[in-house]
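Colleague: sequence and predicted structure are below.
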Amino acid sequence: MNTRQRRQVDYTLGICFRCNGEFDFDAEGIRQVMLKCHDCHRNVHALCTELNDITAEIVQTYNWQCVDCKSCLVCLSKNVEDKIVICSSCDRGYHTFCCNPPLRHIPKDDWYCNQCLSMPSPPSSPAKQVCDSLQDNRTYRLRKCPTPTVKYLEMKQPRQQDENIEPKSSSSAKRLRLRLTVNEDDRQSKRGRKQKFGLSKEEEMFYKTFGYKLSEEEASIERGTPRERDREQFEKARLKAEKKSPVKPANSDTEIPKITTISFGRYMIDTWYIAPYPEEYAQSYILYICEYCMKYMKSSFVAGRHKKKCTARHPPGDEIYRDGAISIFEVDGRKNKMYCQNLCLMAKMFLDHKTLYYDVEPFLFYIMTEADEHGYHFVGYFSKEKRSSMNYNVSCILTLPVFQRKGYGQFLIDFSYLLSKKENKIGTPERPLSDLGLLSYRSYWKTVVFKHLKDQRDPISIEDLSRHSGLTPDDIISTLENNQMLTFDTNTKTYSISINPQLIESHLNYVNQKNYIQVKPENLSWTPFAILQDRLAGLLGENPKLTIKNADESMDIDVD
């Protein structure tokens, strides 16, 4: 005869191995708390293991073990099971000989481990007080009730003292029923643990926060809180350190930490504006910058070590111009991103309106240097967009303060217009210009316009001047107006150029007396970036790209 073998239940899949899911919900339809043994992975209700809500929350904070897998927390051994005593609060197991101090025997009443003893002592249960009030010779027994929050105490009749009297039938026996309604947390477990702690809401939230592992004394932060004496000692030490410091600290309430000086090559240069260097570098009043690779450092020791290891002796990129000791290098912001970003950060300390620091990829940088036996020393630079929709030939221009008043600014401006002529374009700088930049450009425009008007005898228009000089008509008109050489005829309603030979002659003589270096177009060896890219795109069979730069951003768009 074939008998069907009953399939064994897998209690690791969420079924209680004590009740087989019979008590998943209580009488009010609330799901019972389910625990999982860390060793055997079986699931069991907290109710089925006779754990109250507080203990059930505690056991979920550590790797809980069921009764069958319970081991000693100290020696981690399951041997000598009859010597394992279980804490009535956290349900952890300990050997009697592993406890501190050791126990001689297993306690008959509730026992709490040292970790739980640091918590407030539990008061006597209300149910126990009711039972203690029933002091008589009658006998009571506990009867189970379907509702877990209600228990019944049934009072039995005492035995008849006279054995001759026949006992009454069970139907007529007088039975007294006492109904005691207590909270579920007050129920006594079979192991005699007291289930309810007398904790206020604040104390209960405190122990939940620290997982019932820290007492109030252990969680107190008073030990780390500085006292008045500590504050006084700190203030004395701070004042003593400030007196020894060669630089007075800035008032944090009114002043922002600022780099006041940069060590650049063999020069110590005072800064004019604040640059957005990282906070750890901005706290120093002296910033050390390598003049070859533009790496910035915050101490002379680090700068000295870097100087010995740095192999760069000229800017990265291609040398496109050389005239004696003067050289100009073209640096691509995409190929040498870190160098260009560091260069922009340094330039911000001398330029007020500069806002470009990190988005350097759409720009080309032209670095002017002076060469000697040690290398190519940085003098100044200007940057321009690779493809400008507004025909800007300069986005940012700077000459270091130690090299100013030597004609290098005029040289860089003239060089930018030379590149525009090579591109067959009429260029102009990007606005707004700094105060020094505006003065330099007005002086340059004045010199260029006066050179073209010096020997001019025939009538000439603004368009002719723009085509010959490479300046925009707006720049030429503003130059003529500033020098009172543009007049308006009220009769014909037209403008005319009034040449002042004496003014032109005196200005050109003043410029020639300074003997500034001049740009020599024959020394330029350069191919415009746009032409190179278009040639490369043609060889690769791709469409050329046009870069359009808005106020704060730039983007590449394909054009047919």
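Modeller: Received, thanks.
Colleague: when you work out contacts or count neighbours from here on, use the C-alpha atoms and nothing else.
Modeller: Noted.
Colleague: give the residue spans of the stretch 201-350 of the chain that score low on pLDDT.
Modeller: 203-204, 206-219, 221, 223, 246-257 (pLDDT under 70).
Colleague: all helices for it, in order.
Modeller: 201-209, 216-219, 228-244, 279-282, 300-309, 337-348 (DSSP state H, counting those that start in this stretch).
Colleague: turn those helices into JSON lines, columns for mean neighbour count and distance to residue 35.
Modeller: JSON lines is the format used below for these (neighbours: other C-alpha atoms under 10 Å; distance: least, C-alpha to C-alpha, whole Å):
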{"stretch": "helix 201-209", "mean neighbour count": "13", "distance to residue 35": "18"}
{"stretch": "helix 216-219", "mean neighbour count": "12", "distance to residue 35": "27"}
{"stretch": "helix 228-244", "mean neighbour count": "11", "distance to residue 35": "49"}
{"stretch": "helix 279-282", "mean neighbour count": "14", "distance to residue 35": "51"}
{"stretch": "helix 300-309", "mean neighbour count": "12", "distance to residue 35": "59"}
{"stretch": "helix 337-348", "mean neighbour count": "21", "distance to residue 35": "57"}
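Colleague: closest one to residue 455 among those helices?
Modeller: Checking the helices of the stretch 201-350 of the chain against residue 455 by C-alpha to C-alpha gives helix 337-348 as the closest, at 40.0 Å.
Colleague: what sits up against that closest one?
Modeller: Under the criterion C-alpha atoms under 8 Å, 6 or more residues apart in numbering, residues 273-277, 293-296, 333, 354-361, 365, 398 lie in contact with helix 337-348.
Colleague: try it again at 6 Å.
Modeller: 275, 294, 333, 354, 357-358 (C-alpha atoms under 6 Å, 6 or more residues apart in numbering).
Colleague: next, the buried residues of the lengthiest helix in the chain.
Modeller: For the chain, the helix with the greatest residue count under DSSP state H is helix 435-454. With burial defined by 16 or more other C-alpha atoms under 10 Å, the residues of helix 435-454 counted as buried are 437, 440-442, 444-451, 453-454.
Colleague: turn the helices of the stretch 201-350 of the chain into CSV, including distance to residue 112.
Modeller: Below are the helices of the stretch 201-350 of the chain laid out as CSV (distance: least, C-alpha to C-alpha, whole Å):
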stretch, distance to residue 112
helix 201-209, 16
helix 216-219, 18
helix 228-244, 40
helix 279-282, 53
helix 300-309, 60
helix 337-348, 65
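Colleague: thinking again about what came up before, distance between the longest helix of the chain and the chain's centre?
Modeller: Centroid separation for helix 435-454 versus its chain: 48 Å, with C-alpha atoms, centre = their mean, to the nearest Å.
Colleague: what's the next secondary structure element after that helix?
Modeller: Counting by DSSP states H and E, the element after helix 435-454 in chain order, helix or strand, is helix 462-469.
Colleague: got the CA coordinates for that following helix in PDB?
Modeller: Only the C-alpha atoms of helix 462-469 are listed here, as PDB (Å, rounded to 0.1, in the frame of the first residue of the first chain):
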ATOM      1  CA  ILE A 462      35.900 104.700 -42.200                       C
ATOM      2  CA  GLU A 463      35.600 101.500 -44.200                       C
ATOM      3  CA  ASP A 464      39.000 102.100 -45.800                       C
ATOM      4  CA  LEU A 465      40.600 102.700 -42.400                       C
ATOM      5  CA  SER A 466      39.100  99.500 -41.100                       C
ATOM      6  CA  ARG A 467      40.300  97.500 -44.000                       C
ATOM      7  CA  HIS A 468      43.800  98.800 -43.800                       C
ATOM      8  CA  SER A 469      44.300  98.700 -40.000                       C
END
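Colleague: in stretch 389-397, what's buried?
Modeller: Buried-residue list, stretch 389-397, by 16+ other C-alpha under 10 Å: 391-397.
Colleague: quick one: mean pLDDT over it.
Modeller: Taken as a whole, stretch 389-397 carries a mean pLDDT of 91.
Colleague: parallel or antiparallel, which strands does the one helix or strand residue 495 maps to pair with?
Modeller: Under DSSP H and E, the secondary-structure element containing residue 495 is strand 494-497. The pairing partners recorded for strand 494-497 under DSSP bridges are strand 486-489 (antiparallel).
Colleague: show residues contacting the strand it pairs with.
Modeller: Here strand 486-489 has contacts from 480, 494-498, using C-alpha under 6 Å, 6+ apart.
Colleague: and if we set it to 10 Å?
Modeller: 477-481, 494-499 (C-alpha atoms under 10 Å, 6 or more residues apart in numbering).
Colleague: out of the residues you listed, which are buried?
Modeller: Using 16+ other C-alpha under 10 Å as the threshold, 479-480, 497, 499 are the buried ones among the contacts of strand 486-489.
Colleague: and of these, the nearest to residue 521?
Modeller: Closest to residue 521, out of all of the buried ones among the contacts of strand 486-489 and judged by C-alpha to C-alpha, is residue 479, at 24.6 Å.
Colleague: got the angle between whichever strand or helix holds that closest one and helix 462-469?
Modeller: Per DSSP H and E: residue 479 is located in helix 473-482. Helix 473-482 and helix 462-469 meet at an angle of 110 degrees, taking axes from the mean of the first three to the mean of the last three C-alpha atoms, to 10 degrees as the criterion.
Colleague: right, I'll call it a day here.
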